[in-house]
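*Asks:* Starting from these lines, generate the structure:
(one chain, ligands or ions: 1)
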Amino acid sequence: MTWNITLIPGDGIGPEVTEATRRVLEATGIDFCWETASVGSGAMEQYGTPLPESVLTSIRKNRIALKGPVTTPVGSGFRSVNVALRKELELYCCLRPCKTYKGVPSRYQDIDIVIVRENIEDLYSGIEFEKGTKEVSDLIEYISRTKGDKVLPDSGISIKAISDTRSRRIITFAFDYARKYGRKKVTAVHKANIMKFSDGLFLSVAREVARSYPDIAFEDRIVDNMSMQLVQKPNQFDVIVAPNLYGDILSDLCAGLIGGLGLAPGANLSNDIAIFEATHGSAPKYTGLNKVNPLAMMLSGVLMLRHIGENENADRVEKAIAGVIAEGTYVTYDLKPDNPASAKGTSEVADAVISRLASGQA
Ligand code: NAD
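*Replies:* Reported below is the predicted structural model:
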């Protein structure tokens, strides 16, 4: 069988890590037909939009995409393609497993946490009001009239909306995931003590959903306390479910616990579409240097293989990656903090994984 996959190389380090991953996935012998799609600034220049309709059509048709990171201009310019993809395709869940592999230079050696991040609403809804516009002054006037609070007239405003519907959907996903994969506990993260109507709603829905899963333990943490506890005692956590922004931040924190962004994979999921991408961004300063770690992207490829039911090949690739890390010769600079001069490049890491796959070595 041939798998049609939309391949979005992205920009910055994206093309290098996606190419390394494509080579490894093809080395399994699975028959892939890649439909390559351009988004971001490249697409902007060519098509006048950072997210051409043809890309959405390709993903909707194939239902699976492998995606490299895409740069988002800071402060001005086009809005995040990543956020737009999630909204357009209703990719409501960002699943980020954070697991340590033997030999990774890290404070901890036995982390196995899964972050389930709500992927569409919260402060990422893109509903923003720019300083000095009529819209923002109307909104400030409305706030003053209805709440009596003073928002300074030179403010910009970003709306944080958290709904019962989307909270219930992501929290239910987290509990179903825990049940399916034999996990013991779900921890909901929030700041409900301060934001009673948004995070407070998320928490009350979490408590309600938890009652339908008596076989899974449930607890909640305020996000600041959660950050400290993750750094001090991460092993107490199993599945973490969080609204969009906290989920984003905690994903990077957890990536730090398992050896860095170079090892943190992810998947963006709807009920019928899945886009696999690493947690990291486009790290523009490393573009074209054959330097960064492709393993986060490859591990995202492993998630993709499991998603399409290629579990044996997923196990083979994961074993080969684990073997390369444990052996420690063909790894990039981020896994060689004590001897960066001996680090290998992105494509050499891919070669090492492929060679292990070919020889059947773990
Ligand atoms: P980043 O993740 O790109 O890089 C931060 C740092 O992490 C890098 O400087 C590097 O030291 C390290 N790093 C990242 N990936 C690595 C890898 N594979 N191997 C080794 N080290 C790695 O974060 P940033 O600098 O904040 O963001 C750069 C751009 O990426 C921004 O435009 C941002 O919007 C975008 N971004 C895109 C996505 C996505 O496409 N899903 C996700 C996050 C950020």
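
*Asks:* Can you check the pLDDT for the closest residue to residue 2 other than its chain neighbours?
*Replies:* Computed as CB to CB, 6 or more residues apart in numbering, the closest residue to residue 2 that is not its neighbour in sequence is residue 31, at 4.5 Å. Where you see a C-beta, it was placed from the backbone N, CA and C, and this is true even at glycine. For residue 31, the model assigns a pLDDT of 97.

*Asks:* And residue 262, by the same measure?
*Replies:* Reported pLDDT for residue 262: 97.

*Asks:* what's the neighbour count on it?
*Replies:* Residues within reach of residue 262, counting by other CB atoms under 10 Å, total 27.

*Asks:* What's the end-to-end length of stretch 253-269?
*Replies:* Taking CA to CA, to the nearest Å, stretch 253-269 runs 21 Å from one end to the other.

*Asks:* Quick one: residues in contact with stretch 92-99.
*Replies:* With CB atoms under 8 Å, 6 or more residues apart in numbering as the test, stretch 92-99 has contacts from 86, 111-120, 166, 169-170, 173, 177, 247, 251, 254-255, 257-258, 264-270, 279, 303.

*Asks:* Mark which of these are part of strands, please.
*Replies:* 112-118, 267-269 (DSSP state E).

*Asks:* Would you mind checking those residues for buried ones?
*Replies:* 113-118, 267-269 (16 or more other CB atoms under 10 Å).

*Asks:* can those residues go into CSV with extra columns for distance to residue 66?
*Replies:* Formatted as CSV, these follow (distance: CB to CB, whole Å):
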residue, distance to residue 66
113, 23
114, 20
115, 20
116, 21
117, 19
118, 23
267, 10
268, 11
269, 14
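
*Asks:* Quick check: chain neighbours aside, which residue is closest to the residue of the stretch 151-300 of the chain at minimum distance from the ligand?
*Replies:* Residue nearest to the ligand within the stretch 151-300 of the chain (CB to the nearest ligand atom): residue 281, separated by 2.4 Å. Counting by CB to CB, 6+ apart, the nearest residue to residue 281 once its immediate chain neighbours are dropped is residue 69, at 4.7 Å.

*Asks:* if we can go back for a sec, now, which of the ones in strands among the contacts of stretch 92-99 sits nearest the ligand?
*Replies:* Once CB to the nearest ligand atom is applied, the member of the ones in strands among the contacts of stretch 92-99 that ends up nearest the ligand is residue 268, at 8.7 Å.

*Asks:* The closest one reaches residue 277, doesn't it?
*Replies:* Yes. Residue 268 is within contact range of residue 277, at 6.9 Å (criterion: CB atoms under 8 Å).

*Asks:* Report the contact partners of the residue nearest to residue 2.
*Replies:* 1-3.

*Asks:* Now tell me which of those the prediction trusts least.
*Replies:* For the contacts of residue 31, the pLDDT minimum is residue 1, 90.

*Asks:* residues in contact with that residue?
*Replies:* Each residue near residue 1 by CB under 8 Å, 6+ apart is listed here: residue 31.

*Asks:* any idea how far residue 302 is from it?
*Replies:* Distance of residue 1 to residue 302, computed by CB to CB, to the nearest Å: 19 Å.

*Asks:* Which residue is the nearest non-sequential neighbour of residue 117?
*Replies:* Nearest non-adjacent residue to residue 117 (CB to CB, 6+ apart): residue 247, at 2.6 Å.

*Asks:* ok, residue 160 touching residue 123?
*Replies:* Yes. If you go by CB under 8 Å, residue 160 and residue 123 touch, sitting 4.8 Å apart.

*Asks:* Need the three-state assignment for the residue located most distally from the centre of the chain.
*Replies:* Here the chain reaches farthest from its C-alpha mean at residue 145, the gap being 39.8 Å by CA atoms, centre = their mean. Here residue 145 is recorded as helix under DSSP: H, G, I helix; E, B strand; the rest coil.

*Asks:* Flag every residue of the stretch 251-362 of the chain that's near the ligand.
*Replies:* By CB under 6 Å from any ligand atom, the residues of the stretch 251-362 of the chain that approach the ligand are 261-262, 277, 280-283, 292-293, 296, 334.

*Asks:* Run through who's touching stretch 279-289.
*Replies:* For stretch 279-289, the surrounding residues in contact (CB under 8 Å, 6+ apart) are 10-14, 16, 68-71, 96, 251-252, 255, 261-262, 264-266, 292, 296, 345.

*Asks:* Restricted to buried residues, select those residues in PyMOL.
*Replies:* Here is the PyMOL command that selects the buried residues among the contacts of stretch 279-289 (16+ other CB under 10 Å):
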select buried, resi 10+11+12+13+14+16+68+69+70+71+96+251+255+261+262+264+265+266+292+296+345
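
*Asks:* Among the contacts of stretch 279-289, name the ones in strands.
*Replies:* The members of the contacts of stretch 279-289 that map onto strands under DSSP E are residue 96.

*Asks:* Give me the subset of the contacts of stretch 279-289 lying in helices.
*Replies:* 14, 16, 251-252, 255, 296 (DSSP state H).
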